[in-house]
Structure formats: structure tokens, C-alpha cells
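**Q** the following block contains a protein sequence and its predicted model.
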Amino acid sequence: MKFDLIAKDPQTKARAGSITTGHGVIETPIFMPVGTVASVKGVHQREIKDDINADIILGNTYHLFLRPQTTVLEKAGGLHRFMNWDRNILTDSGGYQVYSLSANRKIKEEGVKFKSHIDGSYHVFTPENVMEVQRSIGADIIMAFDECTPYPCDYQYAKRSMHMTHRWLDRCINHFEKVPAKYGYSQSLFPIVQGSTYKDLRIRSAEYIASVEADGNAIGGLSVGEPAEEMYAMTEVVCNVLPEEKPRYLMGVGTPINILENIALGIDMFDCVMPTRNARNGMLFTAHGTINIKNKKWEDDFSPIDEMGHTYVDTYYSKAYLRHLFTVNELLGKQIATIHNLGFYLWLVREARKHIIEGGFGSWKERMVEQMDKRL
């Protein structure tokens, strides 16, 4: 993997760059649509590629491990071929899913024993077998196995968890180097900074993660319920430590405003289920604010969904029609809303990139934050 830093904004710490892997170039800042189970929910790969024009999507090791299982993925030739996606894929290691299964898992030094949410069967994730699973999945960028601590989190627990995450990272790296890539292209391993919302722990973790000199670095354990101000404070602390010449990935973030604020702090990569999940509930993101398309006010509004036209659905369908689809519980409504929201998120990071290169990101960001923080 190669990362080229192209431009820096003079008003903020925002950067524009490009990541090159075996499946092409990813222009940063970038938002990665979440395709947890080898599918961005409700949207064809053709639309993700040709209309939304995503350079990279995200899959999840936990879910793909359970279904369709690595034996099927290996027979298919890896996740890219299985889902017919010829661009980049990043896989989360499953650490966050294990965190979310707090009632059905047990964490030890060796790894995590957890119960499947599907059939109740028990499984064990260790740093070693998570590397093997991700080799079998075949993502271009894979994540180290970590523990995602909850919020709020006791300081001593956060400290113990952080050190265990570092020990697990050492085991991940050691095993990753022993297990070859399976499908004829290289994979990059990103370690994950932890430390909850404690500045000293975040600094120590960022220093440790930087010391392993991976191809890129991730920040985990944020966007788990903490106030946005604490998220930004921890991101700033970590970005001041992580090397400038490597891409920085803030996991699980977030709202359009969260994304712009974290770009300003030096983050390059984002993922979040919010655009797709909110779309299925009728919540649309736009440059001028948020729309609840289920509201009666849109019943006879025949204007385009979004006149800026981020995707074909924005000008092809009206607000009144989309509201009608939600009113009658037609699946097409959820699909249209999902395409719109993903198109808007990708437009937002590309506009951010354009303004970083031109040198006016800071003032543009302030205008956008003010506009987007409205209910229409």
C-alpha cells in the first residue's frame, strides 16, 4: 500500500491524499459505505460503483466469519469475487461486534469467547485466527484485533484494556507475517489506538501504535456514546502523535458534521452505518439540513429530493413520491433514501478534498456545519 500526501489546508490540520492498493486508488478524505455482510444494505454494487462512485467499502470479519463462512469465501476466490466488487475493501476485525455482544462474550488474554447472535453457538476469536480469517476474506486493508471499551469507562479498566490491545497487536503482526495473502495481491494491516477518553492513555496508545510502523493507523473506541467534544479532543490528541505520512482512520464516525470536524483535525478515513440506517427510517442528509421525509409537510412537495443532484435519484424522484413510498412501506423508498444519503456523504468528503486542495477548507467547513445543523 502507498499513501501520498497531496495538500494541507492552511487554516486547519485537514489533509488531502491518495491511498493506492492492489484494487486501485482511494482519494482521501474518504467515507466508506458499510457492507457488513458482503452487501451495502439495499443497494446494488453497480449503484455503489457507478452512481455513488465509492472507491472503497467496508466488510465485517465477525459477520462474514459466521455467514457465509471463510470456506465459502475461499472457494469463491475471496470477498471481492464473491460479491463482484473490483474496488477496495476494508474489514473491521470484529472487535466492535464482540464489544456490542457484552452479555454474550468473555474476554481473556488469549482472546474472546462469544456466542453467535444467529444460533447461539460458541466461538473464539484470537489475534491469530482473526488474521487468518481476514486473509481468507481477502480485504485490501485489515484491522488488528482489539478490545473496544465502553463509555463511560473506568480509568483502570481502560488502561488494562489498552495494554492488552497492544499485546494483541504484537500477536497480530507476528501471525500476519506468517500467513501469506491468498489471492495474488497484498493486504495492509492497520493497528488501532485505544484508551477511552483519557488523554494520557490515548497518547501512550498512539505512541505504541506509531512505533510499529504499519501502513496506516486507526483510532477506535470513539463514537460509543461520548459527547462529540470528547471525541474531537481525543482525535486531536491522537493525530498530534500518529505519523503524518500514514493514513488515519477514525472508526465508526459519524454524522456529516462529525466527519467535517474530524477532517479538520487530520483524519483521512471514515465509516459509519448512519447514512444507510437513517435512510431506512426516512432521515435524509442534505447540505442545507436534515429532512424527515415521513413528515406530512412533504406530502405535496413535488420538488426533487435534492436539487444538488448527488445521485440520479435526487433529481429523478420528488419528495412527495419518496414520502408516499415510506407511507405505504414500499421497499423502494428505503433504497432511494439509502442511495441519496450515501451519495451525499461521498459528495461531502469530495467537496472537503476540493477545498483542502484549493486552500479554503476551514471557512467552507464552518459554513457547512452551520447549514447542516438544521432540521428542514
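**A** Happy to help now that I have it.
**Q** what residue ranges in the stretch 1-150 of the chain score low on pLDDT?
**A** Counting by pLDDT under 70, the ranges of the stretch 1-150 of the chain that qualify are 102.
**Q** all helices of it, in order?
**A** Taking DSSP state H, counting those that start in this stretch to define them, one finds helices in the stretch 1-150 of the chain at 45-46, 61-66, 70-76, 79-83, 95-100, 127-137.
**Q** out of those helices, which gets nearest to Asp301?
**A** Of all the helices of the stretch 1-150 of the chain, the one in closest proximity to Asp301, counting by C-beta to C-beta, is helix 45-46 (29.3 Å). (Each C-beta comes from the backbone N, C-alpha and C, glycine too.)
**Q** ok, residues contacting the closest one?
**A** Applying C-beta atoms under 8 Å, 6 or more residues apart in numbering, the set of residues contacting helix 45-46 from outside is 83-85.
**Q** only whichever of these are buried, select them in PyMOL.
**A** What follows is the PyMOL syntax for the buried subset of the contacts of helix 45-46, where burial is set by 16 or more other C-beta atoms under 10 Å:
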select buried, resi 83+85
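**Q** now do the phi/psi pair for Glu109.
**A** With angles defined as degrees, to the nearest 10, Glu109 shows backbone torsions of phi -60, psi -40.
**Q** from Val98, how far off is it?
**A** Glu109 sits 15 Å away from Val98, going by C-beta to C-beta, to the nearest Å.
**Q** now swap in Thr315 and tell me
**A** The gap separating Thr315 from Val98 is 43 Å, by C-beta to C-beta.
**Q** please apply the same query to Ile356.
**A** To Val98, Ile356 is 35 Å away according to C-beta to C-beta.
**Q** just give me the residue closest to the centre of this protein.
**A** Compute the mean C-alpha point of the chain, and by C-alpha atoms, centre = their mean the closest residue is Asp271, 1.8 Å away.
**Q** residues contacting the residue lying closest to it once chain neighbours are set aside?
**A** Leaving aside its sequence neighbours, Asp271 sits nearest to Met32 (C-beta to C-beta, 6 or more residues apart in numbering; 4.2 Å). Contacts for Met32 were tallied using C-beta under 8 Å, 6+ apart; they are 54, 56-58, 90, 269-271.
**Q** could you redo the last one with a cut-off of 7 Å?
**A** Counting by C-beta atoms under 7 Å, 6 or more residues apart in numbering, Met32 makes contact with 56-58, 90, 269-271.
**Q** outline the domain layout of the chain.
**A** Domains of the chain are assigned by automatic domain parsing as 30-271, 279-372.
**Q** mind checking how far Val179 is from Leu169?
**A** Val179 is 16 Å from Leu169, where distance means C-beta to C-beta.
**Q** do Ser18 as well
**A** Where Leu169 is concerned, Ser18 sits at a distance of 26 Å (C-beta to C-beta).
**Q** between those two, who's got more neighbours?
**A** In this comparison of Ser18 against Leu169, neighbours counted by other C-beta atoms under 10 Å, the higher total goes to Leu169 at 23 against 18.
**Q** noted, bye for now.
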